[in-house]
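Asks: Got a sequence here, can you model it:
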Amino acid sequence: MTVPAATAPVRGVEIEAGQAAARPFDALGLVYEDTYARLPEQLAAIDWLLARLPASARVMDIGSGTGRPTAERIAAAGHRVTGYDVSQTMVDLARTQVPDACFELADVRTLPDAAGQWDAITAFFPLLQMPRTDLDATLARIADWLAPGGLFVFATVPFDAEDTPIEWMGHTIHATSYPAEVYPRLLRAAGLDVVHEQLSVFHPDFPGMGAEEHLFLYARKPGGPAVTPHALAGPYPLPAEHRGPHELSELGWLGMEARFERHDIAPVVEALAANTKVLDVGGGSGAVVREIAARLGAVTTVEPHAAREESMRALAVEGVQVLAGCAERLPVADASMDAAVAGWILHYADDPDAAVTEMARVVDPTRPGAKVILVQGAPDNQLIALWNRICAPLLDEAPDHQGRLLMRAAEVLAERGFDDIAFTRARVDVVFPEDGADARALAAATVLADFWHLGHTRHARLREALLPALREHFASGTDRFNDDAVLLVARPRTVSADASGASGASGR
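Replies: Purely as a prediction, here's the structure:
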């Protein structure tokens, strides 16, 4: 978040300006990080970016400062980050603190032309110490550096002045900016689509400093593929075909449900905070719809299993309307909802494409906050890996690949106009608190075999086959398995500018 200065080619006066811009940051060092590294709006902007970046993306961080939080978080997600800063002190700190990223001493205006080479560029407050002509040119070059479909996250302090001396963190700097309404126009003139604008006020915890107004903008360069491979939809390469549906046992589910520690429901409910007409597909145990109804006052759920449908009707007093039906043929009118949710159901569907198409059909893409939310397993989900390693060979079945379901769903949704696709992780644990590793392994073998394949002719063999792997797992001292989830949230880009079958598919 340090402020670079300069233009290409470099002349003596510009070198001097760059040195002047660096001096406050050379002096401040980690004090700057302590003051500014936890801006909620900046952290939210990084989250927005991480949810949309393709796997192993090339990311430029302009004014990278100490490397925290921007480069650190993006590099930790597996992306290739290069940070540029005019302060040697900041570059040295960043190299020490974020060894997985690359940092260079450079003025953004002196960087060579690199048209279309970056999947994303971040610039948190780095353009405040350059003339407006250079500021305009830098924003235009940033747009050129982005690959088609590339993302730009920008923050600045908006005001109407140029080369104005101000006191900032104990130093006098010469600051330049524009009023807030000018920056979106500059980005659009450079060829970018602005998808989010936010003004906020920050109170730095530093002696003598008053409140600062901050402007945050998210933008996208037109073009590129509708859907890019995301790390949370891996591992790659994806299978060419869907393996077919898993079976679901009502009794097996009951034994599993009591073992969950779920942190995947809260982000779903939070994503729906502005919605008013929500459809849940596959009501399952009712855990999700209860929380949605408690937040919004009402929710409609479609449940394919007669026993569950009947038991869920008692939730009417909590605002839950239950409809009989299946994921591939939703008994809901076209464009009658502003959001649809399906948690952990696509791997039970006979035709996942049809299920996702139906969800897109019932959501009105013109309504504010319109979205489709899907929840499936993460690529490092331990239970899915266990099933693939032990159960799939024993049952002569193809391995499970949740990422393939998510990426295919993203493609289907994008084809139907829900083309702002975001992926995020949510923690889910399955806990076995029994006393001792062997007791935990025995309990897990029963619970998992029942959950996955109760009634299968090889159920008993499956339970025995699981025991060695379970004993090894619990021997480490853990009492749980990671059953982490990935949330896919798809919005129409034109609406999301606030950034804000007889399959029996039934979710958690």
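Asks: Let's verify the residue nearest to residue 441 when sequence neighbours are not counted: helix, strand, or coil?
Replies: Excluding the flanking residues, the one nearest residue 441 by CB to CB, 6 or more residues apart in numbering is residue 470, at 3.9 Å. (Glycine included, C-beta is placed from N, CA and C.) Three-state assignment for residue 470 (DSSP: H, G, I helix; E, B strand; the rest coil): helix.
Asks: Low-confidence ranges, this protein, go.
Replies: 1-19, 25-26, 28-29, 494-508 (pLDDT under 70).
Asks: Name the residue closest to the centre of it, please.
Replies: residue 51 (2.7 Å; CA atoms, centre = their mean).
Asks: That one: what's it in contact with?
Replies: Residues near residue 51 by CB atoms under 8 Å, 6 or more residues apart in numbering: 422-424, 489.
Asks: Run a quick neighbour tally on the residue nearest to residue 441.
Replies: 23 (other CB atoms under 10 Å).
Asks: circling back to that earlier point, the residue nearest to the centre of the chain and residue 291, how far apart?
Replies: 21 Å (CB to CB, to the nearest Å).
Asks: hang on, the earlier thing: check the gap between the residue nearest to residue 441 and residue 462 for me.
Replies: 12 Å.
Asks: Among the contacts of residue 51, name the ones in strands.
Replies: Counting by DSSP state E, these place 422-424, 489 in strands.
Asks: now those residues as JSON lines including distance to residue 151 and neighbour count?
Replies: Formatted as JSON lines, these follow (distance: CB to CB, whole Å; neighbours: other CB atoms under 10 Å):
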{"residue": "422", "distance to residue 151": "11", "neighbour count": "23"}
{"residue": "423", "distance to residue 151": "14", "neighbour count": "22"}
{"residue": "424", "distance to residue 151": "15", "neighbour count": "17"}
{"residue": "489", "distance to residue 151": "16", "neighbour count": "24"}
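Asks: Does anything pack onto the helix or strand that contains residue 357? Which helices or strands?
Replies: Taking DSSP states H and E as the definition, one finds residue 357 inside helix 352-362. Under the contact criterion of 3 or more CB pairs under 8 Å, 6 or more residues apart in numbering; DSSP states H and E, helix 352-362 touches strand 278-281, strand 339-343, strand 371-377, helix 402-415.
Asks: right, and these - which one's nearest residue 187?
Replies: helix 402-415 (23.3 Å; CB to CB).
Asks: any idea of the angle that closest one forms with strand 339-343?
Replies: 170 degrees (axes from the mean of the first three to the mean of the last three CA atoms, to 10 degrees).
Asks: just how off-centre is helix 402-415 within its chain?
Replies: Helix 402-415 has its C-alpha centroid displaced from the chain centroid by 15 Å (CA atoms, centre = their mean, to the nearest Å).
Asks: Show me which residues of that helix are buried.
Replies: Buried residues in helix 402-415, counted by 16 or more other CB atoms under 10 Å: 402-414.
Asks: Would you check how far apart residue 337 and residue 157 are?
Replies: Counting by CB to CB - residue 337 and residue 157 are separated by 40 Å.
Asks: More neighbours: those two, which one.
Replies: residue 337 (24 against 16).
Asks: you'd agree the more buried one is up against residue 363?
Replies: Yes - between residue 337 and residue 363 there is a contact under CB atoms under 8 Å: 5.2 Å.
Asks: buried sites along stretch 140-152?
Replies: Residues 140-143, 145-147, 149-152 are the ones in stretch 140-152 that count as buried (16+ other CB under 10 Å).
Asks: Which of those sits closest to residue 191?
Replies: residue 143 (5.1 Å).
Asks: residues touching the closest one, list them.
Replies: Shown in contact with residue 143 (CB under 8 Å, 6+ apart): 152, 187, 190-192, 221.
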